[in-house]
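Asks: Okay, predicted coordinates and the sequence, questions at the end:
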Amino acid sequence: MSNNPEQLRYSKEHEWLSAAENGVATVGITEHASSALGDVVYVDLPEVGDTVTAGETCGELESTKSVSDLYSPVSGEVVEANQDVVDDPSLVNSAPFEGGWLFKVRVTGEQDDLLSADEYTAYTAG
C-alpha cells in the first residue's frame, strides 16, 4: 500500500502538491501512480515561464507500459523544472515524494477537489 505523506495534498489524477512556500508549491506524481505506470523512461515537463492551469495537462510521463498525461493540480507560472528527473526518469519510481518531484509553480489558483492523504488513500483503495 502507498505511503502518502500527510503534509501533501493530492489530485484525483494522482499528482501531489506541497504547501506553497512564499507562493511556490512543488508538484510530483504519487507512489500509486508511479507503481501503476511501471518503469518511467521519459519525462516531458513544462518549461520555466510556462503558465499551467489547474486540472489541465502540462506534460507527459512515458513508461515501458504506456504514456500518461501529467496534470497540474494548480494554476500559475512554472518557476523550476526538475532537470534531475529529465536526466534520470527512474527517480519518479524510486523517490516520487523526494528527488522525483517534477516542477515548482508560483500558485495563482488550485483545483477545488484536492484530497488529504487519508482521502487520497481511500480514493485509490476503491
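Replies: Here it is on my side, so go on. Residues are numbered from 1 along each chain as shown.

Asks: Give me the contact list for the longest helix seen in the chain.
Replies: Secondary structure of the chain per DSSP state H: the longest helix is helix 117-125. The contact list for helix 117-125, computed with C-beta atoms under 8 Å, 6 or more residues apart in numbering, reads 1-2, 4-6, 8, 10, 12, 14, 30, 32, 115. Using the backbone N, CA and C atoms, a C-beta is placed for each residue, glycine as well.

Asks: try stretch 50-61
Replies: The contact list for stretch 50-61, computed with C-beta under 8 Å, 6+ apart, reads 11, 13, 29, 37, 40, 42-46, 67-78, 89, 92, 102-103, 105, 109-111.

Asks: Show me where the chain has its helices.
Replies: Going by DSSP H, the chain shows helices at 31-37, 83-87, 91-94, 117-125.

Asks: Can I get those in CSV including mean pLDDT and distance to Thr53?
Replies: As requested, those are exported to CSV (pLDDT from 0 to 100; distance: least, C-beta to C-beta, whole Å):
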stretch, mean pLDDT, distance to Thr53
helix 31-37, 94, 20
helix 83-87, 97, 21
helix 91-94, 96, 22
helix 117-125, 96, 21
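
Asks: Relative to Asn22, which of the ones you listed is closest?
Replies: The closest of these to Asn22 is helix 83-87. By C-beta to C-beta, the value is 21.3 Å.

Asks: what comes up buried for the closest one?
Replies: Val85 (16 or more other C-beta atoms under 10 Å).
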